[in-house]
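Enquirer: sharing a model prediction with you, sequence too.
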Amino acid sequence: HTQKGKKKNEPAPVDPATMYESLKNRIAALEEEEVLEEEEERRFAEEAQKSVRGMEENAVHSKYVELFAEFKRMERDHQKEKQKLTKDKDAGKAYIVQLNGHILWTSRTSERPVNQGKSD
């Protein structure tokens, strides 16, 4: 009875292949997002250059600093997301290993009573 109770409380088994594909797709999406953000930053820089042609050099420099700071912020945010995704991926792998270990242990312990019953 206790094993049945434990099984009901356990989370549903996670398919490692599905989890791996999901994580792989998320990483690819984040990397694609980074490329799109870089292209957008280039477009913003080009637009900024067009809009400040008549301004003094000081104003151009200020606009450059503003755009560069925004780019670095986006780059940092992307890196944080990537690290979080890597952490989640590692946690998922650890969970799968733990689940597999539990399944092996459960199958081994369930075989013992059956074998002992046949020999008696």
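Expert: Nice, thanks for sending it over.
Enquirer: for the rest of this, base every contact and every neighbour count on C-alpha atoms.
Expert: Fine.
Enquirer: low-confidence regions, the protein specifically.
Expert: Within the chain, the segments meeting pLDDT under 70 span 1-11, 52-56, 110-120.
Enquirer: which stretches in it count as helices?
Expert: 2-9, 16-51, 57-119 (DSSP state H).
Enquirer: tell me which other helices or strands the longest one touches.
Expert: Read it as helix 57-119. Where contact means 3 or more CA pairs under 8 Å, 6 or more residues apart in numbering; DSSP states H and E, helix 57-119 is packed against helix 16-51.
Enquirer: ok so, going back, any chance of CSV for the helices of the chain, columns mean neighbour count?
Expert: Shown next, in CSV, are these (neighbours: other CA atoms under 10 Å):
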stretch, mean neighbour count
helix 2-9, 9
helix 16-51, 13
helix 57-119, 13
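Enquirer: how near is residue 23 to residue 97?
Expert: Here residue 23 is placed at a distance of 16 Å from residue 97 (CA to CA, to the nearest Å).
Enquirer: ok, the residue at minimal distance from the centre of the chain - contacts?
Expert: In the chain, the residue lying closest to the centroid (CA atoms, centre = their mean) is residue 85, at 2.0 Å. Counting by CA atoms under 8 Å, 6 or more residues apart in numbering, residue 85 touches 23, 26, 27.
Enquirer: check contacts around the last one.
Expert: It stands for residue 27. By CA under 8 Å, 6+ apart, the contact list for residue 27 reads 82, 85.
Enquirer: and it, how close does it get to residue 39?
Expert: From residue 27 to residue 39 the distance is 19 Å (CA to CA).
Enquirer: now do residue 17
Expert: Using CA to CA, residue 17 is found at 33 Å from residue 39.
Enquirer: next: residue 15.
Expert: Separation of residue 15 from residue 39 (CA to CA) stands at 36 Å.
Enquirer: kindly report the same for residue 100.
Expert: From residue 100 to residue 39 the distance is 44 Å (CA to CA).
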